[in-house]
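Trainee: Output the structure for:
(one chain, ligands or ions: 1)
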Amino acid sequence: MCGVIEEGLPYNLSEVTYINLIPQDMLEEVAQGKPTYASSTWIPYYSSYAVDGITTGTNFYASAIQDTNGWWIVDIGENRLIYKVTIIPRYGCCPTRFHDMEVRVGQNLITSGDLSEYTLFSTYAGPYTADQWLLTCDRVDKIYGRYIAIRYVGAVAEFIQICEVNVWALKL
Ligand SMILES: [Ca+2]
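Mentor: Numbering: from 1, shown residues only. Model prediction:
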């Protein structure tokens, strides 16, 4: 599951299933500036805004209001061993919209919305609160893949709104 384990922030151990056991200096960020896809877009909150490196203002991705099964995908360009995904949901407004999310990793681009082929990397029940800032989703057993998806799996219609995503792979 995803939890809040960054320095200076609350650490709710009950939310963290996997603790990152690999040193941070053995990982590299592989998502910044890479191609992105999404089930819908509330223009101008484009899917690419979730990997633009900007965590302020309106540089976040937002799905369209009528999108009840939203997903967002980044293509990191090649299959890599993924150890960690960090997420900053939209926090300036409406942070609690981020809940009931899955992080999945796959090796083929799927835009149909059926991401069952992708391996489940982590889950986040939420709801997110703005003071949490950075959500860290760790796995000690890593997953090999090229496409990292965040999708909404809740029962009630909801937006996906993501300020920023970082994907951490083992350095080559
Ligand atoms: Ca951003």
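
Trainee: alpha carbons only for contacts and neighbour counts from here, please
Mentor: Fine.

Trainee: Please list all residues in contact with residue 86.
Mentor: Applying CA atoms under 8 Å, 6 or more residues apart in numbering to residue 86 gives the contacts 134-137, 165-167.

Trainee: Take those residues and keep only those in strands.
Mentor: Judged by DSSP state E, these include 135-137, 165-167 as members of strands.

Trainee: so which of the contacts of residue 86 comes closest to residue 144?
Mentor: Nearest to residue 144 among the contacts of residue 86: residue 167, at 12.2 Å, using CA to CA.

Trainee: got any ranges where the protein has weak pLDDT?
Mentor: The chain contains residues with pLDDT under 70 at 1, 3-21, 140.

Trainee: what residues does it put near the ion?
Mentor: Taking CA under 5 Å from the ion as the contact definition, the chain meets the ion at 49-50, 52, 54-55, 59-60, 163-164.

Trainee: top of those residues by neighbour count?
Mentor: Greatest neighbour count in these, by other CA atoms under 10 Å, goes to residue 50: 31 neighbours.

Trainee: TSV for the residues of the chain next to the ion, including secondary structure and distance to residue 152?
Mentor: Shown next, in TSV, are the residues of the chain next to the ion (DSSP: H, G, I helix; E, B strand; the rest coil; distance: CA to CA, whole Å):
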residue	secondary structure	distance to residue 152
49	helix	18
50	helix	16
52	coil	21
54	coil	23
55	coil	21
59	coil	20
60	coil	16
163	strand	15
164	strand	16
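
Trainee: so how far is residue 147 from the closest residue to residue 142 other than its chain neighbours?
Mentor: With CA to CA, 6 or more residues apart in numbering as the criterion, residue 142 has its nearest non-adjacent residue at 4.6 Å, and that residue is residue 83. Residue 83 sits 13 Å away from residue 147, taking CA to CA, to the nearest Å as the criterion.

Trainee: now residue 96
Mentor: 26 Å.

Trainee: if we can go back for a sec, what is the neighbour count of the residue nearest to residue 142?
Mentor: For residue 83, using other CA under 10 Å, the count is 23.

Trainee: start the count at 662, not 1, going forward
Mentor: Okay, residue one is now 662; in that scheme the one you just asked about reads as residue 744.

Trainee: buried stuff in whichever strand or helix holds it?
Mentor: Using DSSP states H and E, residue 744 falls within strand 732-750. For strand 732-750, the buried set under the neighbour-count rule, 16 or more other CA atoms under 10 Å, comprises 732-737, 740-750.

Trainee: Given the very next helix or strand once past it, what are its sheet partners and their directions?
Mentor: Next in sequence after strand 732-750, counting helices and strands by DSSP H and E, comes strand 762-767. Partner strands for strand 762-767, per DSSP bridges, with pairing direction: strand 780-785 (antiparallel), strand 796-813 (antiparallel).
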